[in-house]
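Peer 1: The following comprises the amino acid sequence and a computationally predicted model.
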Amino acid sequence: MNIKDMIKIESPFKRKMIDGIYVVTPEIEEGYEWVFEGKEDEVLCTEKLDGTDVSIIIQDGSIVSVWNRTERIPFFNKGKKFIIEAVLNSYERGYCNLTDGQYFGEVIGSKLQNNPYKLDEHEHLWIPFNSYCREHLAYKSYHKYPKTFENISEWFRLPIAEGGIFSLFMRRKHIEQKPEGVVFHNLKTGQMAKLRLDMFDWHKGRRHKIKENEKR
């Protein structure tokens, strides 16, 4: 099987360096009009999880390999044991009941991004994008309001108590907190786009580091 790396997911809004900060602008990137024009059965908006990209390969109904980007993670390893733990934990929960193929997802847990999901030390989880995320972490309200830059910015900016966006993953644990952002899924083409809270100019917290080749 030809192993693929996770395709880089871009913002649907054009980004520019303004006052030393790389932020989104109201201008829509060419080819991403579907994010705002697609209907409910065409576009899905899910929570963006804050972890690391991991894919699994399933052949004849069994997981035969685990990949962190293009690096194969052996079952016995030092340094990235938590990735194997994540896949095993998710397998026990039924998240890996998938047909043969390569499946992409996010590993979250205590060893990643300061553990924003407050998981126990050995409670790392692999969350598949096209099954669990779409089924359990989709914002049903996305199509109920005008999909403008201003509306989305306010949805991200407002406190949860005032109608702002909240983490669906954490709400399932009865904890109210902001998510990292959202991922838009084109259900017809498979294309995806992302928006993080730290992409907006009003954001005051930590921002992702931007590589030189991303400043376009």
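Peer 2: Thanks, I have it.
Peer 1: Flag every buried residue along stretch 130-143.
Peer 2: Residues N130, Y132, C133, L137, A138, Y139, Y142 are the ones in stretch 130-143 that count as buried (16 or more other CB atoms under 10 Å). Every residue, glycine included, has its C-beta placed from N, CA and C.
Peer 1: got the residues you listed as JSON lines, with pLDDT columns?
Peer 2: Formatted as JSON lines, the buried residues of stretch 130-143 follow (pLDDT from 0 to 100):
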{"residue": "N130", "pLDDT": "92"}
{"residue": "Y132", "pLDDT": "96"}
{"residue": "C133", "pLDDT": "96"}
{"residue": "L137", "pLDDT": "97"}
{"residue": "A138", "pLDDT": "98"}
{"residue": "Y139", "pLDDT": "98"}
{"residue": "Y142", "pLDDT": "96"}
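Peer 1: what's the closest of the residues you listed to G31?
Peer 2: For these, the minimum distance to G31 (CB to CB) is 19.7 Å, reached by Y142.
Peer 1: Buried by neighbour count: which residues of the helix ranked longest in the chain qualify?
Peer 2: Using DSSP state H, we find that the single longest helix of the chain is helix 81-92. Neighbour-count burial for helix 81-92 flags F82, I83, I84, E85, A86, V87, L88, N89, S90 (criterion: 16+ other CB under 10 Å).
Peer 1: which one of the residues you listed is nearest T52?
Peer 2: For those, the residue nearest T52 by CB to CB is I83; the value is 7.7 Å.
Peer 1: what's the distance between H208 and D198?
Peer 2: As judged by CB to CB, to the nearest Å, H208 and D198 stand 6 Å apart.
Peer 1: which of the two has more neighbours?
Peer 2: Set H208 next to D198 and count neighbours by other CB atoms under 10 Å: D198 wins out with 17 against 12.
Peer 1: what's near enough to touch the residue nearest the centre of the chain?
Peer 2: Nearest residue to the geometric centre of the chain (CA atoms, centre = their mean): K48, 3.0 Å. By CB atoms under 8 Å, 6 or more residues apart in numbering, K48 lies in contact with P179, E180, G181, V182, V183, K194, L195, R196.
Peer 1: Isn't the fifth one up against T46?
Peer 2: Yes: with the criterion set as CB atoms under 8 Å, V183 and T46 qualify as a contacting pair; they are 5.2 Å apart.
Peer 1: what sits in contact with each of the two?
Peer 2: Here V183 and T46 share the contacting residues F129, C133, scored by CB under 8 Å, 6+ apart.
Peer 1: those strands in this protein, which residues are they?
Peer 2: Counting by DSSP state E, the chain has strands at residues 13-18, 21-28, 43-48, 52-59, 62-68, 71-72, 101-108, 125-128, 181-186, 192-196.
Peer 1: For S153, find the nearest of those.
Peer 2: Per CB to CB, nearest to S153 of those: strand 21-28, 8.4 Å.
Peer 1: Show residues contacting that closest one.
Peer 2: Applying CB under 8 Å, 6+ apart, the contact partners of strand 21-28 are 11-16, 35-36, 149-150, 195, 199-201, 207, 210, 214-215.
Peer 1: before we move on, what about stretch 117-124?
Peer 2: 49-50, 82-83, 85-86, 89, 107-112, 125, 167, 169-170, 173, 175.
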